[in-house]
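**Student:** Any chance you could fold what I've pasted below:
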Amino acid sequence: MRNRTYWVDHVLSETNKFTVIADHDDIYTITPYGTVMQQGTFQDAAHFNSIEEGLTANEEAIYILLDFARHNKETADKRLDAAEAHIDELYATETGTVTLTNTSKYPFNNSKQTVALSTNRDTGNYVVVVEVTAASGNVGEIIVSDQLVNGFKVEYTGSAASATISYKVIGGWSK
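**Tutor:** Residues are numbered from 1 along each chain as shown. Now for the predicted structure:
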């Protein structure tokens, strides 16, 4: 594993001040003025090569994971299905669909609608995953707001006349 470098700024007691000494033939030596209050991290090949090596190692790890995913798609899909089933069981998810309509002209939108939950949650701290399943026009963004224990509100920001949204509520339990 790569050893992390904690970079430190070079700090002088005076800022933006320099000593200029004329050497000879229009050649000058310019040095920062003031005392060193904090020695900065050296910017040298050892530090920069450490960064490069870390990036290369991360890139290789990503390629290995992508290669694994490509060649083991069936196994990955089964694991994903099992994980989703476990989440459904653990958090008692609720799913449904709602059709939103907008009768205002763009840029105005009155598509906001309240969605009642079939089972009240203990808290309003739940996740609502939304997906557009049908639309007539540009839906824009889907916004979920006003999450309460018994429901939430959902709307879209685009100019579509209507949109059907499927949702999945995860969590909201204090156990």
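**Student:** rest of the way, CA atoms for contacts and neighbours
**Tutor:** Noted.
**Student:** For this protein, give the helix that spans the most residues.
**Tutor:** helix 45-71 (DSSP state H).
**Student:** any idea how far that one is from the chain center?
**Tutor:** Mean-position distance between helix 45-71 and its chain equals 21 Å (C-alpha atoms, centre = their mean, to the nearest Å).
**Student:** and what of stretch 6-22?
**Tutor:** That offset, for stretch 6-22, works out to 37 Å (C-alpha atoms, centre = their mean).
**Student:** Now stretch 67-84: buried residues?
**Tutor:** Within stretch 67-84, no residue is scored as buried using 16 or more other C-alpha atoms under 10 Å.
**Student:** Export only the CA atoms of that stretch, formatted as PDB.
**Tutor:** Extracted C-alpha coordinates of stretch 67-84, given in PDB (Å, rounded to 0.1, in the frame of the first residue of the first chain):
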ATOM      1  CA  ASP A  67     -12.000  -7.400 -16.400                       C
ATOM      2  CA  PHE A  68     -13.600  -9.500 -13.600                       C
ATOM      3  CA  ALA A  69     -17.000  -7.900 -14.100                       C
ATOM      4  CA  ARG A  70     -16.900  -8.500 -17.900                       C
ATOM      5  CA  HIS A  71     -16.000 -12.100 -17.600                       C
ATOM      6  CA  ASN A  72     -18.200 -13.000 -14.700                       C
ATOM      7  CA  LYS A  73     -21.300 -11.000 -15.600                       C
ATOM      8  CA  GLU A  74     -23.600 -13.900 -14.700                       C
ATOM      9  CA  THR A  75     -22.000 -14.300 -11.300                       C
ATOM     10  CA  ALA A  76     -22.100 -10.500 -10.700                       C
ATOM     11  CA  ASP A  77     -25.800 -10.300 -11.700                       C
ATOM     12  CA  LYS A  78     -26.700 -13.100  -9.300                       C
ATOM     13  CA  ARG A  79     -24.800 -11.400  -6.500                       C
ATOM     14  CA  LEU A  80     -26.500  -8.100  -7.300                       C
ATOM     15  CA  ASP A  81     -30.000  -9.800  -7.300                       C
ATOM     16  CA  ALA A  82     -29.200 -11.500  -4.000                       C
ATOM     17  CA  ALA A  83     -28.000  -8.200  -2.500                       C
ATOM     18  CA  GLU A  84     -31.200  -6.400  -3.600                       C
END
